[in-house]
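Trainee: sequence first, then the predicted structure:
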Amino acid sequence: MKFKFAFETLLKHLKRIEEERQCDYSQAKLAVEQTLDRINQMYQSLEKTRKEIQQIQSKGGTDIGQIRQREEYIDGLKIKIEADRQVARELMTVAEEKRKILLEALKEFKSLEKLKKRKYQQYRREVKKKELKSIDEIVTMRHKRGALG
């Protein structure tokens, strides 16, 4: 007699759902990380441009056009940074929701998996009990045979 879990199909289905939720969460998390990386790159570009302006000014540069061009670039970057920060906040909210959904799917799967383990342990106890009963019956029959013979 082999152990058969009555909810095996459901367990497999919940495992697939959990894996899908894990994938969704990973993608959402990756989108957040990519956006934050892009923001960091823009901040680095901002600092680089500010240093360029300082170098032009320290050389006693009279080319106001170059400075103005870089300042306009900085202003544009600030706008892009703020827009990307808003996108990042929204993506973080989405990622957090997907994380909650993943955790719920994980709980459902784990609870059914625990039930399977309990049922298997119960099955093993029953098998062991039957084996002991069978052995006891054999010993009793041999003993009776020995007493009669």
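Mentor: That came in fine, so what should we check first?
Trainee: so V87 is in contact with L36, correct?
Mentor: No. Using CB atoms under 8 Å, V87 is not in contact with L36; the gap is 10.1 Å. Heads up, the C-betas are built off the backbone N, CA and C, glycines and all.
Trainee: give me the helix or strand of this structure that scores worst on average pLDDT.
Mentor: The helix or strand of the chain with the poorest confidence is helix 64-148; it has a mean of 93 (mean pLDDT, DSSP states H and E).
Trainee: packing partners of that one?
Mentor: helix 8-58 (3 or more CB pairs under 8 Å, 6 or more residues apart in numbering; DSSP states H and E).
Trainee: now do the helix it packs on: which elements does it pack against?
Mentor: Secondary-structure packing of helix 8-58 (3+ CB pairs under 8 Å, 6+ apart): helix 64-148.
Trainee: relative to helix 8-58, how tilted is the helix it packs on?
Mentor: In terms of direction (axes from the mean of the first three to the mean of the last three CA atoms, to 10 degrees), helix 64-148 departs from helix 8-58 by 160 degrees.
Trainee: starting at the chain centroid, how far to the least confident helix or strand of the chain?
Mentor: Its chain's average C-alpha position is 9 Å from that of helix 64-148, according to CA atoms, centre = their mean, to the nearest Å.
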